[in-house]
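[1] The following comprises the amino acid sequence and a computationally predicted model.
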Amino acid sequence: MSKKSTEKKPKVFSTRLQIMTIAIAIAIVVGYLSITSFDEATTRYFSVNDILSKQNNDQQETLGIIARLVPETFHRSSDGLTAYFQVRDDNSESNLNVSYQGEVGQIFFNENAEIIMRGKILNDGVFHTKDLSVKCPSKYLDEMYTEEYSKENSSS
């Protein structure tokens, strides 16, 4: 027999150690991806006063705002693709200018509904958003129809 065949080569890593190393690496990658995706999916919501009182708005930070439409401030651009309007809090006189790119339904014009937006404030001081929804619009429609129905039936 040759000397080479009788010598055992030293194992740098045992099979068990290799499996544990791979499992730990996978756990670290999954943990990292979970944390970073959670941070990107999480939006902090502020009032208009909170946004206006912030000294340095981080332009990279996505902010959420819940506010009401200021009456008679809504208008569309000439191409019809961008809407401009102002929002404010219930008990505030401070307005925030908003630029919205997207479709706006009729319920948006209901002054009783709260508008929920996600976007960023840029150097121009305008809140730019492509993500806008109206909080609980059916509630206001139901109340309106109930009032009309009550008026019609009480006058009969």
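    Perfect, I can see it now.
[2] buried set for the helix or strand harbouring Arg68?
    Per DSSP states H and E, Arg68 falls inside strand 63-69. For strand 63-69, a neighbour-count test (16 or more other Cβ atoms under 10 Å) marks Leu63, Gly64, Ile65, Ala67, Arg68, Leu69 as buried. (Glycine included, C-beta is placed from N, CA and C.)
[3] Pull up the pairing partners for the helix or strand following it, direction included.
    Sequence order places strand 75-76 as the next helix or strand after strand 63-69, per DSSP H and E. Strand 75-76 has the following strand partners under DSSP bridges: strand 82-88 (antiparallel).
[4] which SSE is Asp131 in?
    Element membership of Asp131 [criterion: DSSP H and E] is strand 127-135.
[5] For that strand, name the packing helices and strands.
    When contacts are defined as 3 or more Cβ pairs under 8 Å, 6 or more residues apart in numbering; DSSP states H and E, strand 127-135 packs onto strand 63-69, strand 96-101, strand 114-121.
[6] Could you check the angle it makes with strand 63-69?
    60 degrees (axes from the mean of the first three to the mean of the last three Cα atoms, to 10 degrees).
[7] On the secondary structure side, give me the element for the closest residue to Leu52 other than its chain neighbours.
    Spatially, and ignoring its direct neighbours in sequence, Leu52 is nearest to Ser94 (5.4 Å; Cβ to Cβ, 6 or more residues apart in numbering). Here Ser94, judged by DSSP H and E, is contained in no helix and no strand.
[8] and Ser94, what does it touch?
    For Ser94, the contacting residues are Val48, Asn49, Leu52, Arg88, by Cβ atoms under 8 Å, 6 or more residues apart in numbering.
[9] Need phi/psi at it.
    When quoted as degrees, to the nearest 10, the phi and psi of Ser94 stand at phi -80, psi 130.
[10] just to revisit the earlier point, name the strands paired with the strand holding Arg68 and say parallel or antiparallel.
    Applying DSSP bridges, one finds strand 63-69 paired with strand 44-46 (parallel), strand 82-88 (antiparallel), strand 114-121 (antiparallel).
[11] for the record, mean pLDDT for that strand?
    When pLDDT is averaged along strand 63-69, the result is 88.
[12] With stretch 117-129 instead?
    Across stretch 117-129, the per-residue pLDDT values average to 87.
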